[in-house]
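Trainee: Quick one: sequence plus predicted model below, questions after.
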Amino acid sequence: MGKDKIKIKFIFIFLILLFCLLCILVTLLIFAIVNGSQESSNIVSITSQPQSPIVQEIIEKYECTYIKEENNTIYLTFSKDLYNENGTSNEEFFKNLIDELTKFFERENFILIDEDKNININVVYDDINNKYNIIINDIENFFEKTDGNNYINVENTQIAKYTNLYENNKYLRKLNIYDDFFSSIEEDLGEGIDLKDGYVSYLDDSIRIRTVPTGAVKNIIFTDKYDGDITSTINTDMDLKQIAEIEPTYNFGSVKEGYLGYRNDSYYYFFYDDEISIYTYSYKNNSTFEDILEEYIETGDLDIFSKRLKNRWQAYDLFEYDEGKATLHVLYSTRGVEINIKENDFKGITFYQNYYFTDYSKSLVKNGIVSFNNNVDLVHKIEMDRREKIVK
């Protein structure tokens with residue numbers, strides 16, 4: 001009988017423990033269900049919210065064309081250029097677009113590239129100041145350092161318009177045939193007299209010639225002592241009024257101003273009542289110069305720049321280099337560029353209307369690295385300087 005009581009007691013304890021275990025399991029199950037329900041509710045709540053706009057949507061919001069993304073680099077076509085056609089900036093447009101894009105690159109750098117317009121915008125996060133810095137075409141504060149008029153005008157600049165003048169002069173014809181080298185007419189001219197102003201006088205001072213270090217003729221002047229044809233339509237017996245009537249499409253001057261200026265494929269012609277001044281010129285890709293220039297802008301080594309110009313690009317009117325003062329003045333009038341550098345300032349390099357622009361030289365102007373004089377033909381300028389000295 002005692003054994004039966006013990007057995008009953010054991011069973012009773014077992015049932016109590018089983019009941020407790022079941023209660024624990026039920027509690028856990030209820031907790032899991034409730035918790036799972038809450039998580040499910042949270043998920044539904046999250047997924048029910050509208051998605052944040054993606055990068056492409058922001059770009060298209062600004063009417064730009066999205067192309068692709070590679071890591072943190074976005075390729076696109078901007079709907080606007082950095083400057084408008086009237087020279088006003090689109091700084092606000094680019095700033096607003098970039099501000100909206102920064103939310104996708106929290107505390108990260110990113111790049112915007114428009115290959116068609118040659119615009120590269122590097123947006124760099126500044127940890128110290130907790131802000132983004134905008135660097136356009138490698139220039140920080142781009143709109144403060146560039147000129148809108150230059151940015152637009154360099155795309156549209158053109159050399160003086162062409163006039164159909166055909167040389168009918170033996171000296172001009174020979175120069176044209178033999179790449180302007182003085183040696184082609186030297187025997188015809190005979191012995192010359194150095195005038196000590198860069199010119200040499202020939203044939204009883206009826207012709208004056210200035211050359212450059214390459215041996216080419218830069219400027220040939222027919223004085224009032226010269227008699228003969230210059231072009232197929234103009235000779236030395238004509239006055240300015242007659243010339244203007246025969247060839248009315250002049251680029252420079254007027255009868256009232258006392259001179260007429262023209263350009264054909266080979267020469268710039270300037271006609272006066274007392275002389276005719278003619279310049280040989282080149283309007284083609286200045287690849288040698290731009291290679292030298294690119295190296296200088298990258299290194300800032302003025303000494304090497306001056307040496308390479310003097311040795312490799314010798315068509316200059318004047319060359320002055322002072323190593324001690326770190327100044328360089330080189331004039332290439334018939335190529336349309338003047339270099340007048342002080343304190344290694346690239347702005348001392350000025351392109352003129354008659355420079356043959358490439359994408360590289362245009363970019364230098366657009367990015368405010370060099371100077372640009374859109375309204376001046378450098379051949380015309382140095383000719384006016386020459387005449388002013390004569391008048392004085």
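Mentor: Here it is on my side, so go on. As the structure is a prediction and not an experimental result, all values here were calculated from the model.
Trainee: Give me the below-cutoff pLDDT ranges for the chain.
Mentor: The chain contains residues with pLDDT under 70 at 1-53, 391-392.
Trainee: can you pull the contacts of the closest residue to Leu331 other than its chain neighbours?
Mentor: The spatially closest residue to Leu331, leaving aside those adjacent along the chain, is Asp317, at 4.2 Å (C-beta to C-beta, 6 or more residues apart in numbering). All C-beta atoms are positioned from the backbone trio N, CA, C, and that covers glycine. Counting by C-beta atoms under 8 Å, 6 or more residues apart in numbering, Asp317 makes contact with 212, 218, 331-333, 382.
Trainee: List the buried residues in the helix or strand hosting Tyr360.
Mentor: Element membership for Tyr360 (DSSP states H and E) is helix 359-366. Using 16 or more other C-beta atoms under 10 Å as the test for burial, helix 359-366 gives 361-362, 364-366.
Trainee: Work out the gap between it and the centre of the chain.
Mentor: A distance of 2 Å separates the centroid of the chain from that of helix 359-366, by C-alpha atoms, centre = their mean, to the nearest Å.
Trainee: What's the first helix or strand after it?
Mentor: strand 371-373.
Trainee: Can you add distance to Ile54 and give the buried residues of helix 359-366 back as JSON lines?
Mentor: JSON lines is the format used below for the buried residues of helix 359-366 (distance: C-beta to C-beta, whole Å):
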{"residue": "Ser361", "distance to Ile54": "39"}
{"residue": "Lys362", "distance to Ile54": "35"}
{"residue": "Leu364", "distance to Ile54": "37"}
{"residue": "Val365", "distance to Ile54": "37"}
{"residue": "Lys366", "distance to Ile54": "32"}
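Trainee: Excluding sequence neighbours, find me the nearest residue to Phe104.
Mentor: Leaving aside its sequence neighbours, Phe104 sits nearest to Val55 (C-beta to C-beta, 6+ apart; 5.5 Å).
Trainee: list the contacts for the one you found?
Mentor: Contacts for Val55 (C-beta under 8 Å, 6+ apart) come out as 66, 69, 74, 101, 104.
Trainee: any idea how far it lies from Phe93?
Mentor: According to C-beta to C-beta, to the nearest Å, Val55 stands 17 Å off from Phe93.
Trainee: Asp229 now?
Mentor: In this view, Asp229 and Phe93 are 59 Å apart by C-beta to C-beta.
Trainee: what's the burial count for Phe142?
Mentor: Neighbour count of Phe142, defined by other C-beta atoms under 10 Å: 21.
Trainee: phi, psi of it?
Mentor: Note on Phe142: backbone dihedrals following degrees, to the nearest 10 are phi -50, psi -50.
Trainee: Wait, it touches Gly148, no?
Mentor: No - counting by C-beta atoms under 8 Å, Phe142 sits too far from Gly148 to count as a contact (11.2 Å).
Trainee: Name the residues contacting each of these two.
Mentor: Counting by C-beta under 8 Å, 6+ apart, Phe142 and Gly148 have no common neighbour.
Trainee: that older thread, out of the contacts of Val55, which are inside strands?
Mentor: 66, 69, 74 (DSSP state E).
Trainee: where's the spatially closest residue to the second one that is not a sequence neighbour relative to Asp224, distance?
Mentor: Nearest-residue entry for Glu69: Val55, 6.6 Å, with adjacent residues in sequence omitted and distances by C-beta to C-beta, 6+ apart. Here the distance between Val55 and Asp224 works out to 73 Å (C-beta to C-beta).
Trainee: Then Asn122?
Mentor: Distance, Asn122 to Asp224, by C-beta to C-beta: 62 Å.
Trainee: Compare neighbour counts for those two and give me the winner.
Mentor: Taking other C-beta under 10 Å, Asn122 and Asp224 do not tie; Asn122 has more neighbours (17 against 13).
Trainee: Next, the contact list for the more buried one, please.
Mentor: By C-beta under 8 Å, 6+ apart, the neighbours of Asn122 are 109, 111, 134-136, 138.
Trainee: From the chain's centroid, how far away is stretch 346-353?
Mentor: Remark: stretch 346-353 is offset 12 Å from the chain centroid, using C-alpha atoms, centre = their mean.
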